[in-house]
Structure formats: C-alpha cells, structure tokens
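Q: The following block contains a protein sequence and its predicted model.
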Amino acid sequence: FADQPAMARGHDLTLLLGFLESSPSAVQAGGSDPPANNVHMMFPSSDGLVRCSRRWATLACMALAMLGSASAQVQTPAPGSRPAEPIRLAMIEGLSGPFANAGDAVFRNLLWATERVNQRGGVTLPGGARPLQLVRLDSKGSTEEALSLLRGAIDQGIGVVLQGNSSATAAAIIDALEKHNQREPQRRALFLNYSAVEPSLTNERCSFWHFRFDAHADMRLAALTDVLRDDRGLKRLYLIGQDYSFGQHVLRKAREMVAAKRPDIEIVGDELHPLGRVKDFIPYATKIKASGAQAVLTGNWGNDLTLLVRALKEVGADVRLYTFYGNALGAPAAIGEAGVGAVTAVAEWHPNLGTPASNAFYAAFRQRFPEPRDDYVHARMHVMIEMLVAAMERAGSTEAGAVARALEGLRYDGRTLGGLHTATMRAEDHQLQQPVVVTVMDRAGQPGVMHDVEGSGFGFRTVRTFSAESVAQPSSCRMVRPSEGR
C-alpha cells in the first residue's frame with residue numbers, strides 16, 4: 001500500500017500493527033517471545049503513537065521507516081546517506097467524542113501546514129534540512145487523557161506539543177510542562193496553543209514554555225462588542241456559554257464590556273450549560289425566546305454551538321447571534337436563511353477577505369481538501385507552523401529553550417503564505433498580536449461573499465477589520481524565564 005496517500009497509509013499501518021499484535025502466527029519466522037518478554041514499545045504513526053511488542057518491533061520500525069508519516073514527504077536519500085530525522089510535533093486533541101469534528105478540522109489544517117513546509121525542503125538547520133512530522137494523538141476530550149498523552153510524547157523525545165480545543169486542558173498542559181521542564185531540563189518541551197483563548201493563560205498563568213497563536217477571548221470580545229455597540233436597535237441581550245473556564249470568562253467579560261459600551265442594553269439572561277453533554281438545547285432556546293431577547297452573545301464552539309443554533313431555529317426565536325465561532329462546523333447550514341444578516345462571527349481571517357493572497361490561500365486549501373464537510377480553514381494554525389519553523393531556523397536548533405527565545409518578539413510578514421497575514425509574538429506574555437475581522441452571514445454570491453461555507457449556500461462577508469493594535473489588551477503576565485545557560 002505504499003502508493004496510497006500518506007494519511008491512508010498511516011491508517012492501514014495502524015490496522016496492520018494491530019493485526020500482528022493479535023496474531024503471533026503472522027510473525028513465525030523468529031518464533032514467539034514468551035509473555036515475560038512481550039515488552040511494549042511506542043512508535044509514531046499518522047494516527048498517533050502505535051503500541052508495539054518486542055517480538056515484531058523490528059518489522060514495525062521497518063514499515064514505519066518505509067511509510068513515513070502523514071506530514072513528512074517521502075524523498076529518496078542519496079546513495080549512502082541517511083534520511084534526515086524528522087522533527088516531530090505532537091498534536092494532542094479530542095478526535096473522538098462530542099467535539100471530534102473540531103479536532104478533525106484542526107488536524108487537516110496542521111497536516112496541510114506541515115506538508116507545505118516539507119514540500120519546500122523542510123526546516124533548514126546547521127546539520128541539514130529536516131522534515132516536520134505530525135503525530136496525531138486523541139485525547140477523547142479528556143484532560144486526564146491529554147496529560148497521559150503529553151507524558152508519552154515527551155518520553156518519545158517529542159519536543160513540541162500542539163493543542164487548543166479546551167482552555168481547561170491547555171491550563172493543565174502548561175502546569176505539567178512547567179514542572180517537567182524544571183525537573184528534566186535535558187528533555188524540555190514547548191507548548192504551542194492554537195485555540196485555547198481563556199485570557200489567564202497568557203496573563204497570570206503565563207509560562208515561558210507556552211505560546212498562544214489565537215486572539216484570546218478579550219481580544220475577540222473587544223472587536224465583537226464594538227460591532228454590537230453600533231447595533232442601535234438592540235436593547236435586550238441574552239448571554240449563554242459553556243460551563244468551564246473559557247465559557248465562564250466570556251460571559252463575565254461580555255457583561256463588563258457591554259455595560260461600558262452600551263449601558264442602555266439590558267442583559268435579560270446569563271446562563272451556563274454543561275460542556276459537550278447537552279443533546280437537546282430546546283429548553284435553553286425556549287428560555288431565550290421567552291426572555292424577549294433580541295440578540296444572543298455566546299462563545300460556544302463545536303456541537304454546543306451547532307445544536308444551540310438549531311434549537312433556536314426550531315422554536316422560532318427571532319434573535320441575532322454574536323458568536324466567536326458561528327462561521328463553520330455546521331452552524332450556517334443549521335440556521336439556514338434565518339441567519340442571513342443575523343449571525344456574526346469573529347476570527348483572524350475568513351475565506352471572503354477578498355485579497356489576492358487570501359483567495360490563493362483558500363483555493364489551495366480547497367484543492368487539498370475538496371470535500372464540503374472539510375471546509376474549515378484557520379489561518380492562525382498555518383501562521384503558527386510558519387513561525388515555529390522561522391524560530392527553529394533563527395535559533396539553529398530544535399531545543400525547546402532555544403526555540404522559545406527565538407519565538408519571543410518574532411514578527412511574521414506573511415511571505416511564506418503568499419502575503420496572507422501579519423503578526424508579532426509579544427515577548428512579555430507570549431500572546432500573538434494580530435488583526436481580527438468581524439463577519440456576518442449572507443447568501444453565497446452576494447457582494448463580498450464569493451465562497452460559501454461547507455456547501456451550505458451561505459457564507460460570510462466582512463463587516464469590519466480591526467488592526468492588531470486596536471484589539472491589543474494589557475497583560476498581567478510576570479514571566480519567569482530559565483537562565484540563558486539552561
């Protein structure tokens with residue numbers, strides 16, 4: 001199956017390894033080791049870390065070497081030379097469970113980002129160019145599982161961890177890495193965060209080993225509430241969110257910002273619901289409708305947003321939606337025509353930005369992932385990988401401490417993404433400073449809506465673009481840095 005695409009090869013390899021593990025007769029040539037010698041080892045594959053037993057570990061390693069990974073482009077080495085050792089990046093994310101669709105969207109973005117780096121030759125280092133290899137690890141939406149996978153990745157010598165779809169999990173990873181890196185400075189690792197936006201992670205909980213590449217909740221809210229402020233017909237607002245650190249913060253800060261910008265708006269509801277466990281949002285939607293709210297503001301994401309939007313439509317709640325993530329993962333299709341002019345979202349980029357660089361970037365993504373269900377692209381994730389590569393090349397090393405120092409203050413000019421984006425990694429708190437854009441849902445084909453979302457017939461047009469300076473927030477971070485010699 002070496003002619004299959006890399007992702008398919010990785011999947012088939014996982015099945016092959018599982019078959020061999022359960023079928024000792026498949027490896028009779030060397031005989032079966034007695035149970036006492038059936039020691040398990042871990043090897044990377046495109047689907048994560050594969051557990052292998054000693055009796056056929058050599059076979060597994062040979063297969064892995066031939067197949068490569070989902071993100072490393074296989075190149076034939078010169079005669080007598082050894083293939084360059086890949087730089088492994090461990091993506092720890094919920095790839096099963098209620099938010100699997102969000103985890104899969106992350107994987108597609110990171111996969112394509114690493115593929116592009118490898119296609120241009122990989123990471124240029126003093127010992128020669130090295131490819132990136134994305135190791136996919138399923139936390140099943142559990143913080144405990146994520147921490148277990150983190151330990152396993154570090155034990156395998158992986159020095160860069162990627163995560164984002166839970167601020168609670170991100171906080172736990174930050175704490176775990178702080179302790180690990182102090183305890184074992186010779187095996188330090190770096191945490192790159194692409195979506196966990198609870199502000200404390202780069203404020204009072206900031207860490208030298210953590211870098212955030214998404215605009216945090218207060219930055220997003222600053223833009224969203226500026227647009228909400230100009231909605232002069234809005235008098236009654238309902239706040240709803242997921243009951244964990246991020247959702248709690250969004251509701252608390254939204255109330256504060258709305259009071260400062262539009263003190264005449266009445267907050268008619270302020271409610272939290274369990275994260276990822278509500279299957280029927282009809283009771284919540286019914287309460288929203290009964291409150292007389294004209295609009296809803298929410299930080300909900302994944303199925304918690306899609307199901308909420310669907311329930312609001314089912315009960316006939318005529319409300320506008322101010323959202324962080326209402327521009328994909330089924331939300332536009334769920335609300336349909338009722339969302340035109342009514343669903344607002346905020347992000348660092350969107351497909352209808354309209355610049356030549358944006359159009360080229362989006363066209364290339366859709367060529368790589370043509371299925372409508374796969375249509376969710378995050379520019380920040382690509383910026384994250386590009387800045388990581390730039391930092392490694394600047395440091396001339398993949399060692400976590402050296403890369404972290406190179407990332408601090410690093411400016412990204414968009415050149416490697418065709419001029420798509422600009423950003424600066426603020427050294428004082430490791431929070432990326434970047435523009436954000438507020439968009440509103442409209443029919444595909446309308447002015448400013450060249451592309452729809454997920455084949456729904458609806459897309460988003462730009463309402464207002466905010467410079468990095470206009471959404472920048474003060475930081476309370478008191479960064480503790482390791483000494484230069486460590």
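A: That came in fine, so what should we check first?
Q: export the helix ranked longest in the chain as PDB, just CAs?
A: For the chain, the longest helix by residue count, based on DSSP state H, is helix 100-119. Extracted in PDB, the C-alpha atoms of helix 100-119 (Å, rounded to 0.1, in the frame of the first residue of the first chain):
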ATOM      1  CA  ALA A 100     -14.500  15.200  17.200                       C
ATOM      2  CA  ASN A 101     -15.400  17.400  14.200                       C
ATOM      3  CA  ALA A 102     -13.500  20.300  15.700                       C
ATOM      4  CA  GLY A 103     -10.500  18.100  16.300                       C
ATOM      5  CA  ASP A 104     -10.500  16.800  12.800                       C
ATOM      6  CA  ALA A 105     -10.600  20.400  11.500                       C
ATOM      7  CA  VAL A 106      -7.500  21.100  13.400                       C
ATOM      8  CA  PHE A 107      -5.800  18.000  12.100                       C
ATOM      9  CA  ARG A 108      -6.500  19.000   8.500                       C
ATOM     10  CA  ASN A 109      -5.100  22.400   9.000                       C
ATOM     11  CA  LEU A 110      -1.900  21.300  10.700                       C
ATOM     12  CA  LEU A 111      -1.400  18.500   8.300                       C
ATOM     13  CA  TRP A 112      -1.500  20.800   5.300                       C
ATOM     14  CA  ALA A 113       0.700  23.300   7.100                       C
ATOM     15  CA  THR A 114       3.400  20.700   7.700                       C
ATOM     16  CA  GLU A 115       3.100  19.400   4.200                       C
ATOM     17  CA  ARG A 116       3.700  22.800   2.700                       C
ATOM     18  CA  VAL A 117       6.900  23.200   4.800                       C
ATOM     19  CA  ASN A 118       8.100  19.800   3.700                       C
ATOM     20  CA  GLN A 119       7.300  20.500   0.100                       C
END
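Q: What mean pLDDT does it get?
A: Across helix 100-119, the average pLDDT comes to 96.
Q: and it, what other elements does it pack with?
A: Contact partners of helix 100-119 among helices and strands, from 3 or more CB pairs under 8 Å, 6 or more residues apart in numbering; DSSP states H and E: strand 87-93, strand 132-138, helix 356-368, helix 379-395. Placement of C-beta: from N, CA and C, glycine included.
Q: Now do the contacts for Ser467.
A: When contacts are counted by CB atoms under 8 Å, 6 or more residues apart in numbering, Ser467 touches Pro435.
Q: I'd like to know how far it sits from Gln434.
A: From Ser467 across to Gln434, the span is 9 Å (CB to CB, to the nearest Å).
Q: Then Phe460?
A: 18 Å.
Q: So between these two, which is more surrounded?
A: Phe460 (30 against 25; other CB atoms under 10 Å).
Q: Let's verify the closest residue to the more buried one other than its chain neighbours: helix, strand, or coil?
A: Residue nearest to Phe460 in three dimensions, not counting chain neighbours: Thr439, with 3.8 Å by CB to CB, 6 or more residues apart in numbering. Recorded secondary structure, Thr439: strand (DSSP: H, G, I helix; E, B strand; the rest coil).
Q: Thr439: neighbour count?
A: 27.
Q: Give me the distance between it and His451.
A: Taking CB to CB, one finds Thr439 at 12 Å from His451.
Q: what residues are shared contacts of those two?
A: Contacts common to Thr439 and His451, judged by CB under 8 Å, 6+ apart, are Asn352.
Q: Let me see the ranges of the strands in the stretch 351-486 of the chain.
A: For the stretch 351-486 of the chain, applying DSSP state E, counting those that start in this stretch gives strands covering 411-412, 423-425, 432-433, 436-443, 458-466.
Q: Stretch 335-354 spans what distance, first to last residue?
A: Using CA to CA, to the nearest Å, one end of stretch 335-354 lies 25 Å from the other.
Q: pLDDT on that stretch, on average?
A: 94.
Q: Quick check: buried residues in it?
A: Residues of stretch 335-354 classed as buried by neighbour count (16 or more other CB atoms under 10 Å): 335, 338-339, 342-353.
Q: Pick out the most distant pair among those.
A: Ala338 and Glu348 (26.8 Å; CB to CB).
Q: which stretches of the protein have low pLDDT?
A: Within the chain, the ranges that satisfy pLDDT under 70 run 1-81, 484-486.
Q: picking up where we left off before, out of the strands of the stretch 351-486 of the chain, nearest to Ala100?
A: Closest among the strands of the stretch 351-486 of the chain, using CB to CB: strand 458-466, at 23.4 Å.
Q: tilt between the closest one and strand 436-443?
A: Using axes from the mean of the first three to the mean of the last three CA atoms, to 10 degrees, the direction of strand 458-466 lies 150 degrees away from that of strand 436-443.
Q: Name every sheet partner of strand 458-466 and say whether each one runs parallel or antiparallel.
A: strand 436-443 (antiparallel) (DSSP bridges).
Q: Helices of the stretch 51-200 of the chain, residue ranges please.
A: Under the criterion DSSP state H, counting those that start in this stretch, the stretch 51-200 of the chain contains helices at 57-67, 100-119, 143-155, 167-183.
Q: For Thr424, give me its contacts.
A: So Thr424 contacts Gly409, Leu410, Arg411, Tyr412, Leu432, Gln433, Gln434, Ala468 (CB under 8 Å, 6+ apart).
Q: Number of residues surrounding the fifth one?
A: Around Leu432 sit 27 other residues, with neighbours defined as other CB under 10 Å.
Q: ok, and the closest non-adjacent residue to it?
A: Phe213 (4.8 Å).
Q: if I look at the residue nearest to Ala222 when sequence neighbours are not counted, how far off is Gln446?
A: Here the nearest residue to Ala222 in space, its sequence neighbours aside, is Val471; by CB to CB, 6+ apart that works out to 4.9 Å. Val471 sits 27 Å away from Gln446, going by CB to CB.
Q: Which one's more surrounded, the two?
A: Each of Val471 and Gln446 has its neighbours counted (other CB under 10 Å); Val471 has more, 22 against 13.
Q: Correct me if wrong: the more buried one contacts Leu221.
A: No. In this structure Val471 lies outside contact range of Leu221 using CB atoms under 8 Å: 9.2 Å.
Q: just the helices in the stretch 201-350 of the chain please.
A: Using DSSP H, counting those that start in this stretch, helices in the stretch 201-350 of the chain cover 217-229, 245-261, 282-290, 303-314, 331-335.
Q: Out of those, flag the one nearest Pro199.
A: helix 217-229 (5.1 Å).
Q: Could you give me the buried positions within stretch 284-303?
A: In stretch 284-303, counting by 16+ other CB under 10 Å, buried: 284-285, 287-289, 291, 293-303.
Q: make that stretch 204-217, sorry
A: For stretch 204-217, by 16+ other CB under 10 Å, it's 205-217.
Q: now swap in stretch 274-284 and tell me
A: Buried residues in stretch 274-284 (16+ other CB under 10 Å): Leu275, Gly276, Val278, Phe281, Tyr284.
Q: what about it, start to end distance?
A: Counting by CA to CA: the opening and closing residues of stretch 274-284 are 12 Å apart.
Q: For it, which outside residues touch it?
A: With CB under 8 Å, 6+ apart as the criterion, stretch 274-284 contacts 97-99, 141, 240, 242-244, 247, 271, 273, 302-304, 307-308, 310-312, 314-315.
Q: Got a ChimeraX select line for the buried ones in the residues you listed?
A: Selecting only the buried entries of these in ChimeraX, with 16+ other CB under 10 Å as the criterion:
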select :98,99,141,240,242,244,247,273,302,303,304,307,308,310,311,312,315
